[in-house]
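S.K.: Give me the fold of what follows.
(chains A and B, ligands or ions: 2)
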Amino acid sequence: MMSSISMDNSRLMPRAKLYKYIAWLLMFLVLILLPYFITNPFYQRLVTEILIYGLLAMSLDVILGYTGLLSFMHAAYMGIAAYTVGIFVVYVDAQASLWFTFLLGVTVVILIAWPVGWLQVRTGGFAFALLTIAFGMMYYTLVWKSRDITGGDDGLFGITRPTIAIGDWVLGSTSNPVDVYYFTLCVVAICFFLTKRIMQSPFGAVLESIRENEKRAAFIGVNVRRYKLQAWILACALAGVCGVLFTYLKGSVSPTMMDASAGGSVLMMTLLGGLGTLWGSFVGAGLFIFGQDYISTMTEHWMIFMGLAVMLLVIFMPAGAAGLVNRFITKSKD
Amino acid sequence: MSIVLKTDNLSKSFGGVKAVHNANINVEERKLKAVIGPNGAGKTTFYNVLTGYFSATSGEVYFMDRNITKMPIHEIVKLGICRTFQINTLFIGATVFENVRIASQIKNGGSYKILSSRRSLKNVNDKTWATLDKVGLKDKAKSFANELSYGDQRSLEVGIALAGEPKILLLDEPTAGMSDGETKRIASLIRELTNDITVVLVEHDVELVMSISDSISVMNQGEIIAEGTPEEIRKNELVKKAYLGERKN
Ligand SMILES: Nc1ncnc2c1ncn2[C@@H]1O[C@H](COP(=O)(O)OP(=O)(O)OP(=O)(O)O)[C@@H](O)[C@H]1O
Ligand SMILES: [Mg+2]
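M.R.: Ligands and ions are numbered 1, 2, ... in the order given. Below you'll find the model as predicted:
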């Protein structure tokens, strides 16, 4: 299954490359003009949510698709950042700047992910995955039980949404759905291209070697644990970015964003999109969230249908949506 | 003559099974040392302990007078000890080029150039092409490792290890399953390598071993029962009984 995901771009013929650039260009145009097509604020927020969850699923792809490490509770790290920012804004400084809270949320996530990852990489693949569940449940319980501070299962409300400003230059407000869409789009695009660059770099090549054969990676001199830990921290930091974005999109934080079902949803988005491409995760998030929105208008048991769809997909199309597109591109190479 | 690698009563047990028992070996610089012995003698286990994959039950390993017994694998590799595997251990979903390139990258550095393309490490690319040429895989650079014939995969095993620019190379039955032509190529490559580096060779093909080795150690049931030149080993009664004789029957 893993072998089918490393696409070698040098095998793509020029025409396929042209298609690729046209596709990118079209997507940019669509994303930039989107608020003019979609004028309903509900759907503007839904699309923003897809961007955020796409980034979250993408950050899971860094450890799952590139490094070969399974995390069942990746959403937990998004939740940690969300609660950090939420609690800070509600209890400490309602006027906190957007940029400061970004720094705060991501830093706290890194400080927690570091020792947890340190422990996790010292175990084998199966134990690693189990530990992600154990720690995830621990964070969730902690939030749920600290009702006085976090609001428990009611969630944390009254989070002041800051203005989007660079110095004195005010660009918009995070309470306006169009502004928050563009802001999220910028942050997500920067994170996406930066991560893409890192995965294509010599560093990404080391991660792939661990995914392809951990034993051999060690025997060419890779400090496997160190690279796994670095990939883990990168993935968690990106999840932290998602948490801050999500807090300002919603203006509140709820523990359901970091429960086991949330962890499973992110995993499904990543698998739906296809491993090892980064962009596939955004397609996966789109399919999942639109699917959820659509199916839940018909039945409240939407999770059953979504689970079934993912199962079928993993069995019959293991490379996900990205695999389908790549197959199309390689086929049209003459 | 300086000794590069040496073991001092090295042992490894699995439960009650003494897979390697009080093994002593001395490998001289820029020589070809062969380790032979019947199936299950403990040759691969010996390699696994030498290279840090298994921890030793007792005894010590020295590399250039440095005790490496408890070092982690990647640090042993950094000292210049590279190995191949009896069972192909490749980056199976990556191209042949990438299999060798990544090994060269780890050796030559650049892994933290996180904003450059992996293809931009020119020195590493050049060395990769040279290594592919040595093991005869230049034409198949773009193939994926899992598309190669078994013989080519064996060659790639050697290529990856060579890309680590070892001071000492440990080969575990590199030619097993290769065609005669491929075996010849690897045999002459091994001989050529000893101009620059030290090589240890585990091999079942006794005639090949006799013709190219400088020194041979014979393992049987976890113990090294003889060490000497090919001529001495050929005449050794213990060896004849334990191994060579058994093979002829
Ligand atoms: N991981 C392991 N766990 C338990 N026993 C093992 C393990 N590895 C090897 N052994 C045992 O140790 C003994 C030596 O095996 P080893 O593979 O080292 O022999 P070998 O000389 O390499 O044989 P061959 O020529 O068939 O490759 C065997 O009895 C084997 O069953
Ligand atoms: Mg063996």
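S.K.: my read: residue A:322 touches residue A:272, true?
M.R.: No - proximity of residue A:322 to residue A:272 does not meet the contact threshold set by Cβ atoms under 8 Å, at 9.7 Å. Backbone N, C-alpha and C define where each C-beta goes, glycine included.
S.K.: any common contacting residues for these two?
M.R.: residue A:283 (Cβ atoms under 8 Å, 6 or more residues apart in numbering or on different chains).
S.K.: Near ligand 1, which residues of chain B are found?
M.R.: Residues of chain B found near ligand 1 (Cβ under 6 Å from any ligand atom) are B:14, B:17, B:19, B:37, B:39, B:40, B:41, B:42, B:43, B:44, B:45, B:86.
S.K.: I figured residue B:171 hits residue B:83, correct?
M.R.: Yes - counting by Cβ under 8 Å, residue B:83 is a contact partner of residue B:171 at 7.4 Å.
S.K.: Now for these two: what residues contact both?
M.R.: residue B:161.
S.K.: where does chain B have low pLDDT?
M.R.: Applying pLDDT under 70 to chain B flags residues B:1, B:243-249.
S.K.: What helix or strand is the residue positioned nearest the centre of chain A located in?
M.R.: In chain A, the centroid-proximal residue (Cα atoms, centre = their mean) is residue A:56; its distance is 0.9 Å. Assigned by DSSP states H and E, residue A:56 belongs to helix A:41-61.
S.K.: which helices and strands does the following helix or strand past that helix pack with?
M.R.: Downstream of helix A:41-61, the next assigned helix or strand under DSSP H and E is helix A:75-87. Packing partners of helix A:75-87 (3 or more Cβ pairs under 8 Å, 6 or more residues apart in numbering or on different chains; DSSP states H and E): helix A:98-120, helix A:125-145, helix A:147-150, helix A:224-250, helix A:260-273.
S.K.: does the first one come close to chain B?
M.R.: No - for helix A:98-120 and chain B, the contact criterion (Cβ under 8 Å from any Cβ of the partner chain) is not met; the two come no nearer than 15.4 Å.
S.K.: pLDDT on stretch A:37-47, on average?
M.R.: The average pLDDT for stretch A:37-47 rounds to 92.
S.K.: centre of the chain versus it, how much separation?
M.R.: From the chain centre to the centre of stretch A:37-47 is a distance of 20 Å (Cα atoms, centre = their mean, to the nearest Å).
S.K.: which parts of chain B sit against ligand 2?
M.R.: B:43, B:44, B:86 (Cβ under 5 Å from the ion).
S.K.: Quick one: which of the residues you listed is the most crowded by neighbours?
M.R.: residue B:43 (24 neighbours; other Cβ atoms under 10 Å in any protein chain shown).
S.K.: Quick check: closest non-adjacent residue to it.
M.R.: residue B:202 (4.6 Å; Cβ to Cβ, 6 or more residues apart in numbering or on different chains).
S.K.: What of residue B:189?
M.R.: That would be residue B:134: by Cβ to Cβ, 6+ apart, it lies 6.4 Å from residue B:189.
S.K.: correct me, but the one you found touches residue B:162?
M.R.: Yes - Residue B:134 is within contact range of residue B:162, at 6.5 Å (criterion: Cβ under 8 Å).
S.K.: Quick one: the helices in chain B, in order.
M.R.: Along chain B, counting by DSSP state H, helices occupy B:43-50, B:73-79, B:96-108, B:122-134, B:150-163, B:180-193, B:206-212, B:230-235, B:237-239, B:245-248.
S.K.: can you list the residues of chain B next to ligand 2 in JSON lines and add distance to residue A:292?
M.R.: Below are the residues of chain B next to ligand 2 laid out as JSON lines (distance: Cβ to Cβ, whole Å):
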{"residue": "B:43", "distance to residue A:292": "57"}
{"residue": "B:44", "distance to residue A:292": "52"}
{"residue": "B:86", "distance to residue A:292": "50"}
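S.K.: From the residues you listed, pick the one nearest residue A:207.
M.R.: Nearest to residue A:207 among the residues of chain B next to ligand 2 is residue B:86, at 27.1 Å by Cβ to Cβ.
S.K.: Could you find the closest non-adjacent residue to that closest one?
M.R.: residue B:172 (4.3 Å).
S.K.: now swap in residue A:203 and tell me
M.R.: residue B:114 (4.7 Å).
S.K.: I'd guessed the one you found sits against residue A:196; true?
M.R.: No - using Cβ under 8 Å, residue B:114 makes no contact with residue A:196, being 11.4 Å away.
S.K.: OK, contacts around the residue nearest to residue A:203?
M.R.: A:197, A:198, A:201, A:202, A:203.
S.K.: Recalculate using a threshold of 6 Å.
M.R.: A:198, A:201, A:203 (Cβ atoms under 6 Å, 6 or more residues apart in numbering or on different chains).
S.K.: Which residue lies closest in space to residue A:288, excluding its sequence neighbours?
M.R.: residue A:269 (4.7 Å).
S.K.: that's a helix at residue A:323, yeah?
M.R.: Yes - if the criterion is DSSP: H, G, I helix; E, B strand; the rest coil, then residue A:323 is within a helix.
S.K.: per-residue pLDDT, it?
M.R.: 74.
S.K.: so who does it touch?
M.R.: residue A:274.
S.K.: Pull the contacting residues for the residue nearest to the centre of chain A.
M.R.: A:78, A:239, A:242, A:266 are the contacts of residue A:56 under Cβ under 6 Å, 6+ apart.
S.K.: can you tell me which two in the residues of chain B next to ligand 1 are farthest apart?
M.R.: B:17 and B:86 (18.3 Å).
S.K.: Please report how far the closest residue to residue A:262 other than its chain neighbours lies from ligand 2.
M.R.: Nearest residue to residue A:262 in three dimensions, chain neighbours excluded: residue A:75, at 3.9 Å (Cβ to Cβ, 6+ apart). As for residue A:75, its distance to ligand 2 is 46 Å (criterion: Cβ to the ion, to the nearest Å).
S.K.: What of residue A:274?
M.R.: 39 Å.
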